[in-house]
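Student: Predicted model and sequence below, questions to follow.
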Amino acid sequence: MKGYNKKELFEAMPVPRAVASLAIPTIISQLINLIYNMVDAFFIGRTGNPYMMAATSLTLTMIMLHVAFGNLFGVGGGSLIARLMGQGKQKIAGTVSAFSFYSCMILALAYSLLMGIFLNPILRFLGASDATIVYAQQYTIFVVVIGSLPAILSLTLAHLLRNTGFSAQASIGLSGGGILNIILDPLFMFVILPKGYEVMGAAIATMLSNVASCIYLLFAFHKAGAEAPLRMGISNARAITKGNITNILAVGIPSAILTGLFDLANICVNILASAHSDLCLAAMGIVMKVERIPNAVNIGICQGMLPIVAYNFSSGNRSRMRETIRFSRVAGLAISFASIILLEILAGPVTHIFLSSQAGDAETVLITLGLATLFLRIRCLASPVQFINYSCSYCMQAMGFGRSTMLHAIVRELVFYIPFMFLLDRFFAEIGLASALPVGEACGAAFALFLLQHHIRTSEDRQK
């Protein structure tokens, strides 16, 4: 972003315009990347094979760990960089960016190694059956075992760019990879590889797209270093203080845990759904892809909001911070309620996009689609309270309240959502499993609002 030294974006630009300037590119990036993830499911669905769909649903939990690890040093380092910029400490911010850069690479390589060693037992634990495990292996080997480094590094670089005002560059990198994946998917699935290897083709396309995205973001990160405190030098990383490592982890670990607990919840959903049937698992996998559309928009709003909240919290401009939170909340809730209306009306047609009834066994396909339509109409009701959870969590991360972010994540998933999942599934079977999301998220949102308001009041009292 040109002219970021004038501090116009963070200090003077009208709040709706400032949030939009960071959030809109992020939303576009989120949606394009969501589309390419959904394109995998769409093309796999053309085979009419619910077992392939179930296998890719299993792998979602492993891929979501990419997001968790990207958040560890991307959100942790990025929010600290934004706060240091608000204090005018550009050189220190540079050491934080370099440390985050190298740390995420080490973490990604360790994750790839562990997944490669323990792949089969992990897939079995996640619910893979004899009918799905081969497909799950094909997808995971390329996207996770081989592809974790470019995927995690891309997410971390995007966070660091976004938090220094380079949201457009971050979004171009992630979106470009998504567009490339859309092009490569049918090529590898239906042209290059033989029939029966469609899942492997989708995995190879995704891995190559992540590599291309990572290369662009590395270039953008290096170029942005001329204007922003973004550094790649090992000497910069070594210069970081223990205190700032603690500050990174204080926000990054709760952010990663938040995503990790979300992943744990998805694991529980998959285990419970697969216990009913592979078709129930496939149906839930379809729904979890569809419901990510409003979530992607709302997460984009929150990510656009975070650096502005962090900067103004650090600089002491509480009125601008509050206005940013208020505007972002109104926008996110409007999108959430609109999504409920659309998904309730279009649940049937939307789920049919992901599984063809013209190929494969028509009876199993129709059963799967019927379950998916029912699940979607129930789970989409959670969208507004999910946004409240996201918004409050991102605000607390922006302010550096890592412990409260972690507390919220633990209570949201381990006290509310996952226990409700097992309880409602026990009494109401598949319908109860789907209903656990809106019930658990509503309880988590109430707790999140309480925590956030407590921190805002406390910080304002100290400022007086």
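Tutor: Perfect, I can see it now. Source: prediction; values computed, not measured. Residues are numbered from 1 along each chain as shown.

Student: which non-adjacent residue is nearest residue 109?
Tutor: Among residues not flanking residue 109 along the chain, residue 149 sits closest, at 6.1 Å (Cβ to Cβ, 6 or more residues apart in numbering). Any C-beta I mention is one placed from the backbone N, CA and C, and that applies to glycine too.

Student: Could you pull up the mean pLDDT of the host helix or strand of residue 213?
Tutor: Here residue 213 sits within helix 198-224, counting by DSSP states H and E. pLDDT averaged over helix 198-224 equals 93, rounded to a whole number.

Student: in the stretch 351-464 of the chain, which ranges drop under the pLDDT threshold?
Tutor: 356-362, 460-461, 463-464 (pLDDT under 70).

Student: hmm, back to that, can you name the residues that contact the residue nearest to residue 109?
Tutor: The neighbours of residue 149, taking Cβ atoms under 8 Å, 6 or more residues apart in numbering as the test, are 105, 108, 109, 112, 214.

Student: next one: residue 66
Tutor: For residue 66, the contacting residues are 144, 148, 151, 152, 155, by Cβ under 8 Å, 6+ apart.

Student: try 6 Å this time
Tutor: Contacts here follow Cβ atoms under 6 Å, 6 or more residues apart in numbering; on that basis residue 66 touches 151, 152.

Student: host element of it?
Tutor: Counting by DSSP H and E, the secondary-structure element that holds residue 66 is helix 50-86.

Student: For residue 443, the count of nearby residues, please.
Tutor: When neighbours are defined as other Cβ atoms under 10 Å, residue 443 has 17 of them.

Student: That one and residue 426, how far apart?
Tutor: Applying Cβ to Cβ, to the nearest Å, the value for residue 443 to residue 426 is 18 Å.

Student: Just the pLDDT for residue 129.
Tutor: We note a pLDDT of 81 for residue 129 in this prediction.

Student: and it, which of the three is it?
Tutor: Secondary structure state of residue 129, per DSSP: H, G, I helix; E, B strand; the rest coil, is coil.

Student: How about it: what's its closest non-neighbour residue?
Tutor: Taking Cβ to Cβ, 6+ apart as the measure, residue 129 lies nearest to residue 278, with 6.1 Å between them; neighbours along the chain are not counted.

Student: That neighbour is in contact with residue 55, isn't it?
Tutor: No - counting by Cβ atoms under 6 Å, residue 278 sits too far from residue 55 to count as a contact (9.4 Å).

Student: And the two? Which one has more around it.
Tutor: Summary of the neighbour comparison: residue 278 and residue 55, criterion other Cβ under 10 Å, with residue 55 having more neighbours (29 against 22).

Student: what number of residues lie near the closest residue in space to the more buried one that isn't next to it in sequence?
Tutor: Counting by Cβ to Cβ, 6+ apart, the nearest residue to residue 55 once its immediate chain neighbours are dropped is residue 135, at 3.5 Å. The number of residues packed near residue 135 is 27, by other Cβ under 10 Å.

Student: Kindly report the same for the one 3 residues further on.
Tutor: The number of residues packed near residue 138 is 24, by other Cβ under 10 Å.

Student: Which pLDDT does the model give it?
Tutor: According to the per-residue confidence, residue 138 scores 90 in pLDDT.

Student: so what's it up against?
Tutor: If a contact means Cβ under 6 Å, 6+ apart, then residue 138 has 199, 200 as its contacts.

Student: same thing but at 7 Å, please
Tutor: If you count contacts by Cβ atoms under 7 Å, 6 or more residues apart in numbering, residue 138 has them with 199, 200, 203.

Student: remind me, longest helix of the protein?
Tutor: Longest helix in the chain, counting residues (DSSP state H): helix 418-463.

Student: next one: it to chain centre, how far?
Tutor: The offset between the C-alpha centroid of helix 418-463 and the centroid of the whole chain comes to 18 Å, using Cα atoms, centre = their mean, to the nearest Å.

Student: Quick check: which helices or strands does that helix pack against?
Tutor: In this structure, helix 418-463 makes packing contacts with helix 242-276, helix 362-379, helix 383-399, helix 402-410, judged by 3 or more Cβ pairs under 7 Å, 6 or more residues apart in numbering; DSSP states H and E.

Student: got a list of what the residue nearest the centre of the chain touches?
Tutor: Among the residues of the chain, the one closest to the centroid is residue 67, at 5.4 Å (Cα atoms, centre = their mean). With contacts defined as Cβ under 7 Å, 6+ apart, the neighbours of residue 67 are 155, 259.

Student: for the one 10 residues further on, same thing?
Tutor: Taking Cβ under 7 Å, 6+ apart, we find residue 77 in contact with 96, 97, 100, 160, 248, 252.

Student: which residue packs closest to it, ignoring adjacent ones?
Tutor: By the measure of Cβ to Cβ, 6+ apart, the closest residue to residue 77 outside its immediate chain neighbours is residue 100, 3.2 Å from it.

Student: what number of residues lie near that neighbour?
Tutor: There are 30 residues near residue 100, going by other Cβ under 10 Å.

Student: Which phi and psi values does it adopt?
Tutor: For residue 100, the backbone dihedrals are phi -60, psi -40 (criterion: degrees, to the nearest 10).

Student: Surely it is in contact with residue 158?
Tutor: No - contact criterion Cβ atoms under 7 Å: residue 100 and residue 158 do not qualify, at 12.0 Å.

Student: Quick one: distance of stretch 233-243 to the chain centre.
Tutor: When distances are taken as Cα atoms, centre = their mean, stretch 233-243 is centred 28 Å away from the chain's centroid.

Student: whoops, I mixed them up, stretch 323-330
Tutor: Relative to its parent chain, stretch 323-330 has a centroid offset of 21 Å by Cα atoms, centre = their mean.

Student: Going forward, the N-terminal residue is numbered 273.
Tutor: Done: numbering now begins at 273, and the last item shifts to stretch 595-602.

Student: Point out the most buried one among the helices and strands packed on helix 690-735.
Tutor: When you average the neighbours per residue for each of the helices and strands packed on helix 690-735 (mean count of other Cβ atoms under 10 Å), helix 655-671 leads with a mean of 26.
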